[in-house]
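Asks: return a 3D structure for these sequence lines:
(2 chains)
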Amino acid sequence: EDQVTQSPEALRLQEGESSSLNCSYTVSGLRGLFWYRQDPGKGPEFLFTLYSAGEEKEKERLKATLTKKESFLHITAPKPEDSATYLCAVQNSGGYQKVTFGTGTKLQVIP
Amino acid sequence: DSGVTQTPKHLITATGQRVTLRCSPRSGDLSVYWYQQSLDQGLQFLIQYYNGEERAKGNILERFSAQQFPDLHSELNLSSLELGDSALYFCASSVDRRGGVSTDTQYFGPGTRLTVL
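Replies: Alright, predicted model coming up:
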C-alpha cells in the first residue's frame, strides 16, 4: 500500500528564516508527486508536480525537489503570508493510478 | 480560483438526515473526485468518476453514494447521517486525457462544510 509521511507535523519560523519540509513516500511505481498548500477551511491549492528523481521546480519563495524516496519543499525567506498547511501527495503508476495524501505540515511564520 | 465550484458552502443538519453536495468541475475536465477531511485529519479519498462512470472507490461508506451527470457535474449523496460525518467535503477535477486514467494534476474546489447535530 502506498504511504506518504510528512515531517515535521508543525513548524514555526521567524520571518526570513529559511527551512525545509520533508515528504517521505513509498509507492509501487511513482507516476507523480504533488505539493499543495491549504489554508484553514479552504480547498488545497496546487503548487507543484514532480515526476522523476532529480527534478526541481520553483515558484516565488518555494522550491520543490524530488529523490527516489522523498521530496523536500524548501522555503526561502518566508513571509507571514506563507503560513498554511503544506500537503504532499503521490500518484502511483499502477492500473488505477491512485493518489495518496500525507497529513501535512502546518507552517507558521511569525513577523 | 481553481475553477472548481461546490455548493453549498455550509450545511447544517441533524442525525439520520440525507444531504446532497454538488460539484462542477473545471471546464474541459472529465474526472471528478470526492474527498473527506475531518478536523485535523488528512484528505481521505472517497470516489472518482470519469465521464459519467464510476472509476474508483476509496474509503466510501455504504451510506454514501455519488454520480456524475452528462454535463459532468457531480453530486455526493450522504444518508443516515451520523455525528462523525461532520467534515469538510472536497471535490477535485482533472483532465484525464487517457481513457479515464488519472494523468493530470487534481484541482480542488473550496469545499462544503457539513455539520451534523
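Asks: neighbouring contacts of the worst-scoring helix or strand of chain B on mean pLDDT?
Replies: When each helix and strand of chain B is scored by mean pLDDT, DSSP states H and E, strand B:53-57 comes last, with a mean of 88. Outside of strand B:53-57, the residues within contact range by Cβ atoms under 8 Å, 6 or more residues apart in numbering or on different chains are A:Tyr96, A:Lys98, B:Ser31, B:Leu46, B:Ile47, B:Gln48, B:Tyr49, B:Ala66, B:Gln68, B:Gly100. C-beta coordinates here come from the backbone N, C-alpha and C atoms, glycine included.
Asks: what strands line up against that strand, and which way round?
Replies: With DSSP bridges as the test, strand B:53-57 is paired with strand B:44-50 (antiparallel).
Asks: how about low-confidence regions in the chain?
Replies: In the absence of a named chain, this looks at chain A. Filtered on pLDDT under 70, chain A yields the residue ranges A:95-97.
Asks: if you could check chain B rather than the one you did, that'd help
Replies: B:40, B:96-104.
Asks: please list the residues of it that sit near chain A.
Replies: B:2, B:4, B:41-43, B:45, B:55-56, B:58, B:88, B:90, B:101-103, B:105-111, B:113 (Cβ under 8 Å from any Cβ of the partner chain).
Asks: buried subset of these as a ChimeraX selection?
Replies: Typed into ChimeraX, the line below selects the buried ones among the residues of chain B next to chain A, using 16 or more other Cβ atoms under 10 Å in any protein chain shown:
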select /B:2,4,42,43,45,55,56,58,88,90,101,102,103,105,106,107,108,109,110,111,113
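Asks: that older thread, by neighbour count, which of the contacts of strand B:53-57 wins?
Replies: Highest neighbour count within the contacts of strand B:53-57, by other Cβ atoms under 10 Å in any protein chain shown: B:Gln48, with 27 neighbours.
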